[in-house]
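In: have a look at this prediction, sequence included:
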Amino acid sequence: MLALLLACAGAQAEDRLAVQAAGESVMTMRVDGELVVGTQGEVEAYTLRTKLDPQLQQMLAKAIPAWKLVPMQQGGRPVRARTPMRITLAASEVTGGYEVKLDNVVFAPLTKEDFAAAKAAERAAAEAGERIAPVGEEVKALVLVSAKRLQPPGYPVGLMRAGVEGLVLLNLRLNPDGTVAEAFVAQSSLFNIKGRSEILDKARALLEKESMRAAQRWTFTIEASAPAALDNEDLTVRMPVKFVMNLPKKDKGETFAGDWRYEFRGPNLPAPWLMGKDGNQVVGVSDLNDSEQVSGGTPFRLSDRSMLGRAL
């Protein structure tokens, strides 16, 4: 049925797929917590707020202490620093069961509580002139981005009739006035659906096209501790766009942390204007809910990302 409904839109979808590799099927889970970075970039302590199966908890207990992050400084002195974190796990079917890998880690306030706490701490530090920054790097202006006007995209009729749901992660480069200067599809995913990959890739492409069309009209509110520095700051927002038939109650303000979700997702592609720049978080479509966003750079990041993609 999905193939028939997409047939009339196939040519349009192929244009988008010409620059993107085929998707893959994977189970994903998000785990929320916080982490304390020592003065040498070591993991000094961590806590997980998400309730996990004991086996998964044991896997992370072995993996997290081995992470290495960029050390932090404040007022020119090395300091311990605390950051919220979101871990995304990916499970693929193998002979005899599933193999669980560390898919990604995002060090940013994503829940409402973490965002409010981070906003208050950042402003207090900015006023005192002692904001945290990576060792050896300049302290950047505090930039806070929030949605002002977001008209939702149209739901492709063929996908709606077939009951296809999914998520598109956009990278948006903003102008200082909050309008969108450039939009780029970083990654897209379909939920709880199986089928021929070439058909599912066309479905992803249609969701991407509608998301890009809507994003051109969006506007945001930008606050900065040094407004004159906005032209030189990274005004990139990672914004998820969700296509669902009926919004479940759990999706209203919840994080879906601790639950496995079946996805058919494409590769995570870097926005052209971010390539080669330090301090930009790698954020994937599986890392965010539709109500969450990540803006700008972050002082917290892994100094060694080689453990990502490895089996736990």
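Out: Noted; the coordinates are in hand. Fair warning: this is a prediction, and the values are worked out from it, not measured in the lab.
In: quick one: low-confidence parts of the stretch 201-312 of the chain?
Out: The stretch 201-312 of the chain contains residues with pLDDT under 70 at 225-233, 247-256, 278-279.
In: that one: helices as residue ranges?
Out: Taking DSSP state H, counting those that start in this stretch as the criterion, the stretch 201-312 of the chain contains no helices.
In: before we move on, what about the stretch 51-200 of the chain?
Out: Secondary structure of the stretch 51-200 of the chain by DSSP H, counting those that start in this stretch: the helices cover 54-63, 112-128, 157-162, 197-215.
In: now do the first one: everything it contacts.
Out: When contacts are defined by CB atoms under 8 Å, 6 or more residues apart in numbering, helix 54-63 is touched by residues 29, 31, 48, 52, 87, 89, 100, 102, 307, 312. C-beta coordinates here come from the backbone N, C-alpha and C atoms, glycine included.
In: okay, buried residues for it please.
Out: Within helix 54-63, the residues scored as buried using 16 or more other CB atoms under 10 Å are 56, 59, 60.
In: over to stretch 196-206?
Out: For stretch 196-206, the neighbour count (16+ other CB under 10 Å) marks 199, 200, 201, 202, 203, 204, 205, 206 as buried.
In: number of residues surrounding the nearest residue to the last one once chain neighbours are set aside?
Out: Closest residue to residue 206 in three dimensions, ignoring its sequence neighbours and counting by CB to CB, 6 or more residues apart in numbering: residue 156, at 4.5 Å. For residue 156, the neighbour count with other CB atoms under 10 Å is 21.
In: kindly report the same for residue 304.
Out: Number of residues near residue 304 (other CB under 10 Å) recorded here: 12.
In: go ahead and confirm it touches residue 68.
Out: Yes: at 4.8 Å, residue 304 counts as touching residue 68 under the criterion of CB atoms under 8 Å.
In: in the stretch 51-200 of the chain, what spans have low per-residue confidence?
Out: Applying pLDDT under 70 to the stretch 51-200 of the chain flags the ranges 122-123, 125-129, 139-142.
In: which one of the contacts of helix 54-63 is nearest residue 214?
Out: Of all the contacts of helix 54-63, residue 29 has the smallest distance to residue 214: 28.6 Å, by CB to CB.
In: how close does that closest one sit to residue 53?
Out: Here the criterion is CB to CB, to the nearest Å. By it, residue 29 lies 10 Å from residue 53.
In: the more surrounded of these two?
Out: Set residue 29 next to residue 53 and count neighbours by other CB under 10 Å: residue 29 wins out with 22 against 10.
In: hey, what's the nearest residue to that one once chain neighbours are set aside bridged with?
Out: Excluding the flanking residues, the one nearest residue 29 by CB to CB, 6+ apart is residue 89, at 4.6 Å. With DSSP bridges applied, the residues forming beta bridges to residue 89 are residue 29, residue 102.
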